[in-house]
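Sequence and predicted structure below; questions after.
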Amino acid sequence: MIDELKPYPEYKDSNIGWLASVPSHWSILPGKACFSEIYRSNKGMVESTVLSLSFGRIVVKPKEKLHGLVPESFETYQVIEPGDIIIRPTDLQNDWNSLRTSISPHRGIITSAYIALHPRGLMESEFCDRMLRTYDLLKVFYGLGCGLRQNLSWADFKYLPCVLPPPDEQAAIVKFLDYANRKIERAIRAKRKLIGLLNEQKQAIIHRAVTRGLDPNVKLKPSGIPWLGDVPEHWEVRRAKYIFKEVDERSTTGEEELLSVSHITGVTPRSEKNITMFKAASYMGSKICRIDDLVINTMWAWMAALGSSTHHGIVSPAYGVYRPLCHRVIYGRYIEALLHTPHYMAEILFQSTGIRASRLRLYPEKFLEMPLIAPPYDEQIAMFEWTDGETKHLTSAIVRAEREIDLLREYRTTLSAEVVTGKLDVREAAKRLPDEAVEILPPDDSMDGLIEDEIDEDVDA
């Protein structure tokens, strides 16, 4: 069906560079003619249902799962009605936050830091949502905003050029895109599920190696760690303070390579990540990280945001940097894999302290008291040479699936842009789609707990 789509018969020049030509019968109006800013005060707690904009969807947020800077009183929040368009106006350069706009299906309250818009009579709420979401994906918002973090305000939307098809075409576009997006989202979720299964297999192989070694006939001994059990009898068990020391070297220039610490990628150069991140005016005073240092994102250690560095650079001053006391005692890949095993993740969670689950911190004194199992150094290297071979096919399959997800996302962005801006005519295609109740896909569990250090590092820096 998508392959059969064709352009409209006639076009006119929009005189807007990024928009180019639009169907000749469409209008282009400023945002203030299509929607208005609204603000409904929650003074007196007239509403208590807390909403959250999460990965492009407005969802009800159970109070026990609230995290971040929760206010003392929700009277500071604004009341949202179904059909309102909510926009997260901060940090435009953060690609992890690219889905920063959504239509609300709920009545509830959301932080007053967000912009709330309500369409006027010319534009239907659903089409307004798809249009603004497409503009976001096309990075149209990147040319707007002001301030160091390039924040949006209502002033940025008042004169935003908005495409305005006739009402029946707005409905056709919404129907077609919803149909296409559901198909693409199902494919993405299937591939994420596959990646999860492949990662489980890969981690099981690595976990067995780092906790039992490669010799299935090796004699075991009690580790002395109740939650770990037996280990090969020639392995040592030492507290972290006898293997690492905390270091606090600070950059005097801030010009060293900026490193990122994530539960997904470990310690990597920020320049290698698919993120256009807000950057500070200066990184003087950041912590220096050297090759083989273990870096722990103090706030997100319980989510496995840690890794052994293969680069010299700088990290947030809020992070813990731990340097091996002796050469050739602990192999970076080994300690990183060990701390990612279920037993150690549970122990890190237990040792972390804080008033809320989302703000637990693993402080240096707690980490340095943790018992670590340390095989001979040459054996640590050998086990990763072996696991690399054993998991090569799994790694290749994961990389392939991740690339396919990227391609599906790129296709979805391109399709949305072509349809919303009138480059493709979906009127006939939408007529052939069944008139059925819109299927609301359940939340994607694979996105739960997704964190990158970029999201919160400035809170504690």
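Arrived safely. Residues are numbered from 1 along each chain as shown.

For the stretch 351-461 of the chain, which segments are assigned as helices?
If you assign secondary structure with DSSP state H, counting those that start in this stretch, the helices in the stretch 351-461 of the chain sit at 364-368, 377-390, 392-420, 427-431, 453-460.

now the stretch 201-350 of the chain
Counting by DSSP H, counting those that start in this stretch, the helices of the stretch 201-350 of the chain are 332-339, 342-351.

which stretch among those helices comes nearest Y142?
For Y142, the closest of those is helix 332-339, at 35.0 Å, according to Cβ to Cβ. (Each C-beta comes from the backbone N, C-alpha and C, glycine too.)

Give me the contact list for that closest one.
Helix 332-339 is contacted by residues 206-207, 210-211, 266, 292, 294, 304, 306-310, 344-345, 348, 372-373, 375, 380, 383-384 when judged by Cβ atoms under 8 Å, 6 or more residues apart in numbering.

hmm, which of these are the buried ones?
Among these, those classed as buried by 16 or more other Cβ atoms under 10 Å are 206-207, 210-211, 266, 294, 304, 306-309, 344, 348, 372-373, 375, 380, 383-384.

Among the residues you listed, which lie within strands?
For the buried ones among the contacts of helix 332-339, the ones inside strands are 266, 294, 306-308, 372-373, with DSSP state E as the criterion.

With pLDDT and distance to T391 added, can I get the residues you listed in CSV?
Formatted as CSV, the entries for those read as follows, by pLDDT from 0 to 100; distance: Cβ to Cβ, whole Å:
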residue, pLDDT, distance to T391
G266, 90, 16
L294, 98, 22
L306, 96, 20
G307, 96, 18
S308, 97, 18
L372, 96, 23
I373, 95, 21
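
Nearest to Y331 among the residues you listed?
Each of these was scored against Y331 by Cβ to Cβ, and S308 proved nearest at 8.3 Å.

Name whatever forms a beta bridge with the closest one.
Beta bridges link S308 to L294, judged by DSSP bridges.

hang on, it packs against T268?
No. Distance between S308 and T268: 11.5 Å, which falls outside the contact criterion (Cβ atoms under 8 Å).

can I see the domain layout of the chain?
25-184+400-450, 195-394 (automatic domain parsing).

Near V426, how many residues? Count them for me, please.
The number of residues packed near V426 is 26, by other Cβ atoms under 10 Å.

mind checking pLDDT for it?
The pLDDT attached to V426 in the predicted structure is 97.

swap in S282?
The score at S282 is 82. That number is its pLDDT.

Next: the one 10 residues further on.
We note a pLDDT of 95 for D292 in this prediction.

quick one: it and G83, what's the gap?
When Cβ to Cβ, to the nearest Å is applied, the distance between D292 and G83 equals 55 Å.

Also L29?
19 Å.

List phi and psi for D129.
Backbone dihedrals for D129, given as degrees, to the nearest 10, come out at phi -60, psi -50.

Quick check: it touching I87?
No. In this structure D129 lies outside contact range of I87 using Cβ under 8 Å: 10.3 Å.

Identify the contacts common to those two.
T101.

These two: which is more packed in?
Summary of the neighbour comparison: D129 and I87, criterion other Cβ under 10 Å, with D129 having more neighbours (23 against 20).

surely H207 meets M383?
No. Using Cβ under 8 Å, H207 makes no contact with M383, being 11.2 Å away.

Next secondary structure after the helix or strand harbouring A155?
For A155, the element it lies in under DSSP states H and E is helix 154-158. The element immediately downstream of helix 154-158 (helix or strand, assigned by DSSP H and E) is strand 161-164.

any idea how far that next one is from the chain center?
For strand 161-164, the distance from its own C-alpha centre to the chain's C-alpha centre is 30 Å (Cα atoms, centre = their mean, to the nearest Å).

What is it packed up against?
Secondary structure elements in contact with strand 161-164, counted by 3 or more Cβ pairs under 8 Å, 6 or more residues apart in numbering; DSSP states H and E, are strand 27-30, helix 31-34.

So for the helix or strand just after the last one, mean pLDDT?
Heading C-terminal from helix 31-34, the first helix or strand you meet, by DSSP H and E, is strand 35-37. With pLDDT averaged residue by residue, strand 35-37 scores 95.

Next, count neighbours for the closest residue to S27 other than its chain neighbours.
Across the structure, with Cβ to Cβ, 6 or more residues apart in numbering as the measure, the residue nearest S27 apart from its sequence neighbours is L164 (4.2 Å). Residue crowding around L164 was assessed by other Cβ under 10 Å; the count is 20.

can you offset everything so residue one is 12?
That works, and once the first residue is 12, the last one we named lands at L175.

Point out where the stretch 312-461 of the chain drops to low pLDDT.
Along the stretch 312-461 of the chain, segments meeting pLDDT under 70 span 366-369, 447-461.

how much space between P386 and I254?
Using Cβ to Cβ, we find P386 at a distance of 12 Å from I254.

Which positions in stretch 22-37 come out as buried?
Applying a neighbour-count criterion of 16+ other Cβ under 10 Å, one finds 22, 25, 30, 32-34, 37 buried in stretch 22-37.

typed the wrong thing, it's stretch 226-234
Along stretch 226-234, these residues count as buried under the neighbour rule (16+ other Cβ under 10 Å): S234.

Show residues contacting that stretch.
Contacts of stretch 226-234 with the rest of the structure, by Cβ under 8 Å, 6+ apart, involve 223, 240-245, 248, 382, 384.

10 Å instead, please
Judged by Cβ atoms under 10 Å, 6 or more residues apart in numbering, the contacts made with stretch 226-234 from elsewhere in the structure are 219, 222-224, 239-246, 248, 382, 384, 390.

pLDDT check: weakest of these?
Ranked by pLDDT, the contacts of stretch 226-234 bottom out at L239, which scores 87.

which ones are touching the nearest residue to that one once chain neighbours are set aside?
In space, not counting the residues next to it along the chain, L239 is nearest to H354; the distance is 5.5 Å by Cβ to Cβ, 6+ apart. For H354, the residues meeting the contact criterion (Cβ under 10 Å, 6+ apart) are 218, 222, 236, 238-240.

what about H354, distance to T279?
Counting by Cβ to Cβ, the separation of H354 from T279 is 25 Å.

List just the nearest of the buried residues of stretch 22-37 to A428.
Of all the buried residues of stretch 22-37, L30 has the smallest distance to A428: 10.1 Å, by Cβ to Cβ.

wait, that closest one sits on M142?
No. In this structure L30 lies outside contact range of M142 using Cβ atoms under 10 Å: 11.3 Å.
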